[in-house]
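Novice: Structural data only, the sequence is not supplied:
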Ligand SMILES: Nc1ncnc2c1ncn2[C@@H]1O[C@H](COP(=O)(O)OP(=O)(O)OP(=O)(O)O)[C@@H](O)[C@H]1O
Ligand SMILES: C[C@H](N)[C@H](N)CCCCCC(=O)O
Ligand SMILES: [Mg+2]
């Protein structure tokens, strides 16, 4: 699917959902979080719904909503189930908008297990999606960024580029140079995140997809 974009991150809590809201708004895309883990603080889908203002985007229902805020494979095990990855790819095909982008957000980073043998990167391949990598800015993020980039290259997954999330990354240019993936944009650290912030950032984001 050329217009199917998987939003991964260099880890969890790096800004994938906020970046997904901005990308979804920018492209008037549909959004989907196939596997949500952790429900007590609300879901990523709820966050996205609260931040979009365009009349076109649809937020689709998760395939799995698991209680434990943990890796999907573990959260599923704690509920006595195994995630069916084939079911996720079949549902994706039913949700795929005909001629608009489809934004799919992962849980955590690339090597997060969906089952005991299938990792997030395998799901990306089965979804035939291209990838946007969201990089947070913290001590250690260079290593996490380049590890993520090298796995994507090794596995020949098509990558659209980086979204740098948070304060200016002193190592942004180096991560772009070392990885060979383009910078698509940077989401500044905001004191408050609302529809207006997302709309403003969506207008700024120069996604190659447009
Ligand atoms: N640009 C930003 N400015 C301020 N706060 C931000 C920004 N981006 C993300 N945050 C905050 O950081 C936290 C983690 O962000 P987010 O939920 O997008 O991470 P995530 O990568 O989607 O996490 P998960 O792996 O759980 O899906 C949230 O509280 C979010 O509101
Ligand atoms: C609970 C939160 N919503 C995250 N999406 C879950 C991320 C799992 C990360 C697993 C890991 O890398 O150790
Ligand atoms: Mg998220």
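Specialist: Right, received. Where do you want to start? Just so it is clear, the structure is predicted and the values come from calculations on it, not from any experiment. Ligands and ions are numbered 1, 2, ... in the order given.
Novice: Spell out the residue ranges of the helices in the protein.
Specialist: Here the chain has its helices, by DSSP state H, at 16-27, 44-51, 72-78, 85-95, 120-127, 141-154, 172-179, 195-204.
Novice: contact partners of the fourth one?
Specialist: Pointing back at helix 85-95 there. 4, 30, 32, 34-35, 60, 63, 102, 104, 114-115, 118, 122-123, 126-127 (C-beta atoms under 8 Å, 6 or more residues apart in numbering). Glycine gets a C-beta too; all of them are placed from N, C-alpha and C.
Novice: try the second one
Specialist: Where contact means C-beta under 8 Å, 6+ apart, the residues beyond helix 44-51 that reach it are 16-18, 20-21, 24-25, 31, 33, 36, 59, 61-62, 105, 193-195, 198.
Novice: Any part of it near ligand 1?
Specialist: Yes: under the criterion of C-beta under 6 Å from any ligand atom, helix 44-51 makes contact with ligand 1 via residue 44.
Novice: Please see if that helix touches ligand 3.
Specialist: Yes: residues of helix 44-51 contacting ligand 3 under C-beta under 5 Å from the ion: residue 44.
Novice: Looking at the protein, what residue ends up closest to ligand 2?
Specialist: Among the residues of the chain, residue 108 lies nearest to ligand 2; the distance is 3.2 Å by C-beta to the nearest ligand atom.
Novice: from the contacts of helix 44-51, which would you call buried?
Specialist: In these, burial by neighbour count holds for 16-18, 20-21, 24-25, 31, 33, 36, 59, 62, 105, 193, 198, counting by 16 or more other C-beta atoms under 10 Å.
Novice: from these, which is closest to ligand 3?
Specialist: Within the buried ones among the contacts of helix 44-51, the smallest distance to ligand 3 is 3.3 Å, found for residue 17 (C-beta to the ion).
Novice: Show the pLDDT at residue 170.
Specialist: Listed pLDDT for residue 170 reads 79.
Novice: what do you get for residue 209?
Specialist: 63.
Novice: before we move on, what about residue 2?
Specialist: 61.
Novice: what does residue 12 give?
Specialist: pLDDT, residue 12: 96.
Novice: Chain neighbours aside, what residue packs nearest to it?
Specialist: In this structure, residue 12 finds its nearest non-sequential neighbour in residue 108, 4.0 Å apart by C-beta to C-beta, 6 or more residues apart in numbering.
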